[in-house]
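# When you get a sec, could you give me coordinates for this:
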Amino acid sequence: MDGPFVGRQVELAVLRAKLDEARSGYTGLVLVEGPPGIGKTALVERFLRDSVGVRVLRASGEESESLLTYGVVDQLVRFARPDESTAAERLQATVAEDPITVGAHLLDLLGSLQEQAPVVVVIDDVHWADLPSLRALLFGLRRMVADRVLALIVVRDEQAPALPEGLRRLVRDHGAILRLAGLDADDLRELAEAMGIETVSLRAAQRLHSQTHGNPLHARALLEELPADTWGSDELPLPSPRSFSLLVLYRCAACSPETQRLVEAASVLGLRCSLTAAARLADVEEPLPALEEASKAGLLQPRDTLPGGWAVAFPHPLVQAAVYHDLAPNRRAALHAAAAEHAEDEAASLRHRVAATPTVNAQLAQDLETFARREAARGATTSAAANLVTASRLSPTPAERERRLLQAVSSMLLAGDRRQAALYAEDIAGFPRGPTRDNALGYLAYINDRPAEAERWLRSAWEQCDPATDRPLAAAIALTNLLHWKNRLHGQKAVEWGRRAVTLAAPTGDPVRVVGEGMLATALTYAGRLPEALATVESAITRVAGTREEFAMTLKTIRGWLRLVEDDLAGARADLADEASARLRGGMSGVPILYSLLAWVEYGIGSWDDAVLHAERAHVIAAELEHPTIGWLVPFGAVLVPAARGDWAVAEEYARLASPRPPAPATSRRSSALASPGRCWQPRAPTMTTSWPR
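Numbering: from 1, shown residues only. All right, here's what the predicted structure looks like:
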């Protein structure tokens with residue numbers, strides 16, 4: 001399915017860097033792999049379209065021609081146009097010979113063509129290429145070391161192990177493997193806009209990502225088939241593409257009634273659930289025969305055992321969606337209501353109660369708000385915000401809806417979930433004037449780089465708030481002012497608001513207090529008071545020691561940054577390395593920032609190979625987490641080593657990937673400077689001098 005190209009900037013950067021190496025006489029080999037529909041061919045096509053001054057030879061494997069001897073080599077020859085190359089003529093005349101001879105002539109052909117321009121050889125769907133062609137190609141690639149040639153081999157990930165061992169070993173030892181994952185939520189929104197659909201919110205894009213794993217083929221199918229109002233709904237999961245749904249439902253209808261009930265119950269419980277829970281919900285006394293039939297039909301798969309027994313899972317979210325959305329509304333609501341009664345935890349019970357409730361419900365809204373308060377008290381601000389949004393939607397009166405939505409947005413802002421909070425800006429602007437509403441609008445203006453508007457809203461919020469009667473709200477407003485003035489690089493004003501936030505917040509267990517102390521330390525640094533900043537964060541670390549681990553981690557990360565500023569690289573490395581390991585074990589979202597800062601520290605120490613490793617690890621984890629606030633920092637940290645080594649193409653590409661609206665205006669200027677020749681910070685005592693990994 002043809003469609004617009006979006007995202008893949010990091011992958012394009014890798015290919016461009018490899019092409020630059022080929023232009024310099026360093027032969028490149030890249031294996032591009034991923035599942036069907038993930039965009040492998042689209043990535044290569046965009047790369048070729050953007051590459052100027054190169055000669056392209058291309059071929060594609062075809063399942064029906066996989067036994068056609070030298071079929072792929074013949075395609076390469078035709079692209080070379082034999083009338084322009086005697087080497088191509090020789091190759092075309094000898095395609096019936098053995099792979100070594102054909103490979104030698106292929107080597108001659110590439111040698112002849114690269115004298116005119118760098119050559120890019122593309123083999124798409126290599127898993128269907130004929131074996132003699134692959135052997136000839138392998139012979140030629142093994143003998144290319146200082147040639148102006150870049151070979152791109154495209155394969156489906158499930159077929160990659162079936163490639164010839166010699167080719168896989170060559171890629172592993174001397175090439176690069178580019179594994180394509182799904183598009184992220186922002187890329188899916190861009191895809192929708194390119195298709196003329198401008199109503200896809202971030203929430204809908206996140207649901208689309210969850211449903212399709214970011215697969216562009218599946219995402220386009222959904223975007224094309226579903227009505228526009230679907231993308232403004234909170235319904236989950238989304239329906240699956242029509243043709244796929246029909247196939248799934250046909251398989252399900254051919255199963256026994258017990259199997260059908262088991263599959264339907266599992267679809268209500270989610271992508272993965274315990275067999276016991278599904279059987280109980282489906283009222284199936286003997287679930288194993290039903291599970292076996294569902295597995296043979298490609299509807300359910302047995303998984304690793306759970307403490308309470310077996311687990312079952314759908315092979316793909318689209319399968320679950322097809323079954324779930326085929327349920328009649330009454331049947332679906334009844335299953336959710338029954339699942340709520342048997343749920344093992346309160347959060348799951350509330351989710352099922354919400355799914356079973358088609359209209360406003362005062363009691364359910366109150367239960368959700370009560371649960372959200374408990375979540376906020378234990379620091380789970382993201383969960384608190386999500387439950388408050390749902391509570392707002394189910395509230396029967398406008399006043400309750402507004403109050404709960406404002407509380408939800410406040411939780412989002414406290415969690416740093418800027419993009420999610422921005423989705424409600426228009427709703428909040430229509431609410432009656434008040435300190436909570438104006439504080440939220442001030443924060444939204446701040447994150448959207450509208451400082452004058454932010455200052456106006458925040459002044460209004462503070463004037464309406466009485467710190468004597470509502471200290472928590474006053475502390476939150478002071479914290480927002482701290483962030484605003486810190487972002488404006490007004491150190492002294494930021495310090496004043498930081499002290500207010502810390503004084504007004506609860507002394508223990510309050511996230512506002514911890515964030516306020518950490519941000520106050522950075523504001524003191526901006527004000528040129530680094531010793532005071534270090535003392536502030538040290539005192540905060542001592543205060544939270546032995547209480548909540550995530551608070552200590554946040555503060556130690558800030559201390560690591562302050563030590564980096566102080567030029568205490570050993571201390572910074574100790575703080576950041578320990579916290580990165582701890583957060584990685586706990587699955588916390590601050591890992592990319594930590595690894596990026598580690599890259600800075602190791603760059604300064606001179607451990608450049610470690611810096612490269614941690615910068616790349618930050619990229620990988622950031623891509624998985626899709627965190628909205630770290631897009632600028634990860635490529636910024638990755639600029640350092642290639643810039644210092646003079647690899648300007650790589651450095652400039654990383655600098656280009658930095659967000660156009662970083663949290664601090666100075667950041668983008670610094671990253672751009674780092675990527676410019678002769679402007680990078682030089683380490684004091686480099687201990688590693690190896691070249692940038694090719």
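# Ranking helices and strands of this protein by mean pLDDT, which lands last?
The helix or strand of the chain with the poorest confidence is helix 665-674; it has a mean of 41 (mean pLDDT, DSSP states H and E).
# How about residue 512: what's its closest non-neighbour residue?
residue 505 (4.4 Å; CB to CB, 6 or more residues apart in numbering). C-beta: built from backbone N, CA, C; applies to glycine.
# That neighbour: what's it in contact with?
Contact partners of residue 505, counting by CB atoms under 8 Å, 6 or more residues apart in numbering, are 471-472, 475, 479, 512-513, 516.
# Any chance of a PyMOL selection covering the buried ones in these?
Applying 16 or more other CB atoms under 10 Å to those leaves a buried subset, and the PyMOL line that selects it is:
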select buried, resi 471+475+479+512+513+516
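# And the contacts of residue 505, which is the shakiest by pLDDT?
Lowest in pLDDT among those is residue 512, which has 84.
# how does the protein divide into domains?
Domains of the chain are assigned by automatic domain parsing as 9-179, 185-231, 242-327, 362-447, 567-694.
# how long is the fourth one from one end to the other?
Domain 362-447 stretches 34 Å from its first residue to its last (CA to CA, to the nearest Å).
# mean confidence for it?
On average, domain 362-447 scores 85.
# what do you get for the second one?
Confidence over domain 185-231, taken as the mean pLDDT, stands at 79.
# Kindly report the same for stretch 311-318.
85.
# can you check stretch 23-40 too?
89.
# If I look at residue 676, what pLDDT would I see?
41.
# if we can go back for a sec, nearest approach to residue 489 belongs to which of the domains of the chain?
If you check each of the domains of the chain against residue 489 by CB to CB, domain 567-694 wins as the nearest, at 7.0 Å.
# thinking again about what came up before, output the domains of the chain as JSON lines; include the columns mean neighbour count and distance to residue 524.
JSON lines is the format used below for the domains of the chain (neighbours: other CB atoms under 10 Å; distance: least, CB to CB, whole Å):
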{"stretch": "domain 9-179", "mean neighbour count": "19", "distance to residue 524": "35"}
{"stretch": "domain 185-231", "mean neighbour count": "19", "distance to residue 524": "34"}
{"stretch": "domain 242-327", "mean neighbour count": "18", "distance to residue 524": "47"}
{"stretch": "domain 362-447", "mean neighbour count": "20", "distance to residue 524": "20"}
{"stretch": "domain 567-694", "mean neighbour count": "19", "distance to residue 524": "16"}
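# Reformat these as a markdown table; add distance to residue 535.
Converted to a markdown table, these look like this (distance: least, CB to CB, whole Å):
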| stretch | distance to residue 535 |
| --- | --- |
| domain 9-179 | 40 |
| domain 185-231 | 40 |
| domain 242-327 | 47 |
| domain 362-447 | 25 |
| domain 567-694 | 14 |
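# so how far is stretch 517-537 off the chain centroid?
32 Å (CA atoms, centre = their mean, to the nearest Å).
# I misspoke; the intended subject was stretch 470-484.
For stretch 470-484, the distance to the chain centre is 30 Å (CA atoms, centre = their mean).
# Identify the residues contacting that stretch?
Contacts for stretch 470-484 (CB under 8 Å, 6+ apart): 410, 413-414, 435-436, 439, 442-443, 446, 451, 454-455, 458, 461-462, 465-467, 494, 497-498, 500-501, 504-506, 510, 512-513, 515-516, 519-520, 523.
# In the stretch 201-350 of the chain, mark out all the strands, start to finish.
Assigned by DSSP state E, counting those that start in this stretch, the strands in the stretch 201-350 of the chain fall at 272-274, 301-306, 309-313.
# In JSON lines: those, plus distance to residue 104.
What follows is the strands of the stretch 201-350 of the chain, written out as JSON lines (distance: least, CB to CB, whole Å):
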{"stretch": "strand 272-274", "distance to residue 104": "53"}
{"stretch": "strand 301-306", "distance to residue 104": "48"}
{"stretch": "strand 309-313", "distance to residue 104": "50"}
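# nearest to residue 400, of those strands?
Per CB to CB, nearest to residue 400 of the strands of the stretch 201-350 of the chain: strand 272-274, 33.2 Å.
# Mind listing residues that contact that closest one?
266, 303, 306, 308-314.
# In its sheet, which strands sit next to that strand, and in what direction?
strand 309-313 (antiparallel) (DSSP bridges).
# Show me where the stretch 551-694 of the chain has its strands.
Going by DSSP E, counting those that start in this stretch, the stretch 551-694 of the chain shows no strands.
# how about the residue nearest to residue 512, phi and psi?
Backbone geometry at residue 505, expressed as degrees, to the nearest 10, gives phi -70, psi 160.
# Then residue 545?
phi -60, psi 130.
# Not counting sequence-adjacent ones, nearest residue to residue 208?
residue 188 (5.2 Å).
# Surely the one you found is in contact with residue 210?
No - using CB atoms under 8 Å, residue 188 makes no contact with residue 210, being 10.5 Å away.
# residue ranges with poor pLDDT in the stretch 51-200 of the chain?
63-64, 67, 81-98, 100 (pLDDT under 70).
# tell me the contacts of residue 322?
239-240, 244-245, 248-249.
# repeat that for 7 Å
240, 244-245, 248-249 (CB atoms under 7 Å, 6 or more residues apart in numbering).
# sec struct for residue 528, please.
coil (DSSP: H, G, I helix; E, B strand; the rest coil).
# tell me the contacts of it?
residue 491.
# try it again with 10 Å
491-492 (CB atoms under 10 Å, 6 or more residues apart in numbering).
# Ramachandran coordinates for it?
Torsion angles, degrees, to the nearest 10, at residue 528: phi 80, psi 20.
# One more: residue 343?
Per degrees, to the nearest 10, the backbone of residue 343 is at phi -60, psi 140.
# If we ignore the residues flanking it in sequence, what's nearest it?
Per CB to CB, 6+ apart, closest to residue 343 is residue 349, 3.9 Å.
# Number of residues surrounding the one you found?
Residue 349 sits with 17 neighbouring residues when counted by other CB atoms under 10 Å.
# Who are the contact partners of it?
Applying CB under 10 Å, 6+ apart, the residues near residue 349 are 339-343, 367, 371.
# Please indicate which of those residues are buried?
339-340, 343, 367, 371.
# Widest-spaced pair of those residues?
339 and 371 (17.1 Å).
# Is it correct that residue 154 falls within a strand?
Yes - under three-state DSSP, residue 154 sits within a strand.
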